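K.L.:
sequence and predicted structure, then a few things I'm wondering about:
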Amino acid sequence: MAFPNTIYGKYGWEKVQTSEQKHKLGTRMSFDDGRVFRYCEVGGSNIAAGAIVQAPAGVANHDMDLAIATAASGVTSLTVTLGGTAATANQYKDGYLYINDGTGQGSVYKIKSNAAGDSGGTCVITLDEEDGTVTAVTNGDTIVGLSVNPYSNVIISPTTVSNIAVGVAPRALTAEYYGWLQTWGPAAVLCNAAGVVGEPVRVGGASTPGGFEDLDRDGSGENEAVIGHQMLIASVATDYALIDLNIAP
């Protein structure tokens with residue numbers, strides 16, 4: 001059964017959360033006023049309304065340079081050798097396998113499922129691609145990395161960013177529930193420092209996780225992702241400002 005990638009919502013649907021999954025992670029919901037939301041799975045901690053939310057940090061022993069035990073093209077299953085961290089069954093379901101070096105480098109494949117794997121052991125990755133790999137991936141040459149779906153187990157963006165911002169919570173979200181994150185259009189967002197109308201705003205600041213600061217282009221704090229632009233009035237620290245989000249249209 002196929003699921004739609006985009007649904008056309010009604011005002012208020014963005015504030016619905018459930019304990020059971022209702023859509024594919026990353027499903028896009030748009031409103032007729034131009035606002036856009038993405039469907040997510042909340043990680044192990046509650047998320048406050050108005051907080052910037054990020055994808056979970058990658059697993060250091062899974063995220064690159066994993067050797068494979070396959071030597072063929074057109075395969076839909078790859079066996080990788082994990083680093084010093086075990087993998088649970090379907091930890092990477094709906095995520096991505098990418099080839100970071102060697103034969104086939106530069107390719108990304110959608111993951112359908114994965115078996116459990118011990119620390120330093122092998123793990124079978126099943127791809128969600130009918131034609132499989134387009135190149136003859138090679139044992140001893142091809143090395144890969146694994147990434148979860150960026151909308152799975154999302155967390156409040158920490159003061160030290162560890163992955164990409166994926167949206168802003170339009171309501172308080174309960175740990176391990178499913179709900180929506182706003183990615184485009186006017187949103188109330190936690191402010192970490194006074195800002196200026198019309199200026200771009202960025203993830204981060206050492207003040208409070210989930211907050212934003214202006215991108216001043218003054219030589220500091222210029223490497224974090226821009227998430228939108230400030231609207232209406234100058235923001236006040238610890239308050240919530242109206243931000244025109246530009247994360248994902």
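P.N.:
Arrived safely. Residues are numbered from 1 along each chain as shown.
K.L.:
would you point out the helix or strand in this structure whose mean pLDDT is lowest?
P.N.:
One helix or strand of the chain scores below all others by mean pLDDT, DSSP states H and E: strand 212-214, with a mean of 79.
K.L.:
contact partners of that one?
P.N.:
Contacts to strand 212-214, defined as C-beta atoms under 8 Å, 6 or more residues apart in numbering, come from residues 52, 189-193, 195-196, 199-205, 207, 221, 227, 230, 235, 241, 243. Using the backbone N, CA and C atoms, a C-beta is placed for each residue, glycine as well.
K.L.:
so which of these are in strands?
P.N.:
Residues of those located in strands (DSSP state E): I52, V189, L190, P200, V201, R202, V203, I227, Q230, A241, I243.
K.L.:
can you lay out these as TSV showing distance to P170, pLDDT and neighbour count?
P.N.:
Shown next, in TSV, are the ones in strands among the contacts of strand 212-214 (distance: C-beta to C-beta, whole Å; pLDDT from 0 to 100; neighbours: other C-beta atoms under 10 Å):
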residue	distance to P170	pLDDT	neighbour count
I52	12	96	32
V189	10	95	26
L190	13	92	27
P200	21	90	19
V201	17	90	29
R202	20	89	23
V203	17	88	24
I227	14	93	25
Q230	18	92	22
A241	15	92	24
I243	12	95	28
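K.L.:
widest-spaced pair of those residues?
P.N.:
L190 and P200 (16.6 Å; C-beta to C-beta).
K.L.:
quick check: closest non-adjacent residue to the most centrally placed residue in the chain.
P.N.:
When C-alpha atoms, centre = their mean is applied to the chain, the residue found nearest the centroid is P150 (2.4 Å). The shortest distance from P150 to any non-neighbouring residue, by C-beta to C-beta, 6 or more residues apart in numbering, is to A55 (3.7 Å).
K.L.:
next, count neighbours for N192.
P.N.:
Counted with other C-beta atoms under 10 Å, residues neighbouring N192 total 25.
K.L.:
what's the answer for H23, then?
P.N.:
18.
K.L.:
the domain parsing of this protein - what is it?
P.N.:
Here the chain is described, according to automatic domain parsing, as comprising the domains 6-55+153-246, 66-147.
K.L.:
give me the three-state assignment for M29.
P.N.:
Of the three states, M29 takes strand according to DSSP: H, G, I helix; E, B strand; the rest coil.
K.L.:
roughly how far apart are it and V124?
P.N.:
34 Å (C-beta to C-beta, to the nearest Å).
K.L.:
so which of those two has more stuff around it?
P.N.:
Shown here are M29 and V124; by other C-beta under 10 Å, M29 has more neighbours (20 against 14).
K.L.:
and that one, how close does it get to M231?
P.N.:
22 Å.
K.L.:
one step back: thought the residue nearest to P150 was touching V154?
P.N.:
Yes. Using C-beta atoms under 8 Å, A55 makes contact with V154 at a distance of 6.3 Å.
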